[in-house]
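In: Can you look at this prediction? I've put the sequence above it.
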Amino acid sequence: TIVGFLLVSSLGYYIMNPVDENLVNYFDEIDIQTPHSDNKPDVYMFVLDAFSGKNTLKLDFDYDLQPFENKLIEREFIVPTSFSNYPNTEFSLPSIMNMMYLDKLVVGMDNNSRDFRITNDIVKTNNVMKIFKANNYEIITFFGGMKNFYSTHLVDKKLCAIAGFNPDLKKNFVLTYMPTSYFNEILLEGYTREKLECVFKTFEDNAFDDNSKSKFVLAHLRLPHSPYVYNENGDIMQNKDENDKSAYLSQLKFTETKILEIIDTIQSHSPNAVIILISDHGYRGEINWENPKRMDHIRAFNTITSFYFHTGYEKVPSEISSVNVFRIFFNSYFNADFEILEDKHIWYIHEKPYNQTTVSDIFKKT
């Protein structure tokens, strides 16, 4: 009975709130060049969710990111100063994966809407994967990913289906049937660890099928984003508030260690692979969304971006914004000539995500 009620409610919502197909088609059919290349390295992309850049970490946490950046540089990464274009994953990720701003979408939506189905659909038809697919790449993501972002027809393999169940269904079951239970948090923390441990093991074991195709592997890790399940030594943490700064910093330190281990593994078995390391936004636990100050903009937009290339380093600017990450990659490796877009940083509050304003980049000045 409960399941039937939920299905009827969900169906009613979708009937009363249809997705504007014209907007989806605009992004699906937009005229974007599809460069081709004979040089087709494997490409590994890691999205470290809510990993703050060095400005935020210094100002909010008195933490120096330079030692981590130095370890990346030792591994021949280039580490520009980095800023996202949107303060949340729901817009940041579609912008990154389509290599464009989402102004057209915002103009076409009601300012009071909180419906993210259309941004999810835009990720599913994203231009980056289309270009890889046109170049005969095998595209690999991880089952469940972050929400349902990468459940797309463009993906050849979704790894880490746990115990035969979609992890997102497991999460939604917990949220639906135990929304106020003490066990809710414990079960969701276990769900998060379960996904992350599977991703870690996949890379540690190099558990990708070997074939003649080059591959694009995208791993979106809920790290150091809450829930906070690891301390800096990798031991399990429990029952930490999402705004617990010490827990965030501890999990960020663990993330540094773990991503370096994964990078070392990739470079040992695939030294010519490209590795792209980014975050989609920074730590936002203390942001005043409705009346933001300079520090609030730094918290939301200051991110990390780092590239392990073998060519084209000269095309990477000293400061980069997320919308240009793949424009730079394709220009460097696929002989493309994508325009490097002007930096824009676009603000909105959670209650009205389509009511957006472009903020000045003055907050980036030291």
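Out: The structure has been received and is ready for your questions.

In: Quickly find the element holding residue 306.
Out: strand 302-308 (DSSP states H and E).

In: Which elements pack onto that strand?
Out: helix 54-61, strand 81-83, strand 274-278, helix 325-333 (3 or more C-beta pairs under 8 Å, 6 or more residues apart in numbering; DSSP states H and E). Heads up, the C-betas are built off the backbone N, CA and C, glycines and all.

In: and the angle for it with helix 54-61?
Out: If you take axes from the mean of the first three to the mean of the last three C-alpha atoms, to 10 degrees, strand 302-308 sits at 140 degrees to helix 54-61.

In: after strand 302-308 comes which helix or strand?
Out: According to DSSP H and E, the helix or strand after strand 302-308 is strand 319-321.

In: rounded to a whole number, what's the mean pLDDT of that following strand?
Out: Averaged over strand 319-321, pLDDT sits at 93.

In: So for that strand, what gets flagged as buried?
Out: 320, 321 (16 or more other C-beta atoms under 10 Å).

In: okay, now the nearest residue to residue 258 once chain neighbours are set aside: neighbour count?
Out: Among residues not flanking residue 258 along the chain, residue 200 sits closest, at 6.6 Å (C-beta to C-beta, 6 or more residues apart in numbering). Per other C-beta atoms under 10 Å, the neighbour tally for residue 200 reads 18.

In: Residue 200 is in contact with residue 257, isn't it?
Out: No - at 11.2 Å, residue 200 does not count as touching residue 257 under the criterion of C-beta atoms under 8 Å.

In: So, low pLDDT: which residues of the chain?
Out: Where the chain drops to pLDDT under 70, the residues are 2-3, 5-32, 144-151, 162-188, 312, 366.

In: Could you list the buried residues of the lengthiest helix in it?
Out: Using DSSP state H to define each element, the chain has its longest helix at helix 245-269. By 16+ other C-beta under 10 Å, the buried positions in helix 245-269 come out as 247-256, 258-259, 262-263, 266-267.

In: tell me which element residue 354 is part of?
Out: Per DSSP H and E: strand 352-359 holds residue 354.

In: what does that strand rub up against?
Out: 88, 90-91, 105-106, 109-114, 116, 292, 297, 344-349 (C-beta atoms under 8 Å, 6 or more residues apart in numbering).

In: now what about the strand holding residue 306, what contacts it?
Out: 48, 51-56, 65, 69, 72, 75-80, 82-84, 263, 267, 273-282, 313, 316, 320, 322, 325, 328-329.

In: swap the cut-off to 7 Å and go again
Out: 51-53, 55-56, 72, 75-80, 82-84, 274-279, 281-282, 316, 320, 322, 325 (C-beta atoms under 7 Å, 6 or more residues apart in numbering).

In: Stretch 41-48 too?
Out: With C-beta under 7 Å, 6+ apart as the criterion, stretch 41-48 contacts 214-221, 223, 255, 259, 266, 270, 272-280, 333.
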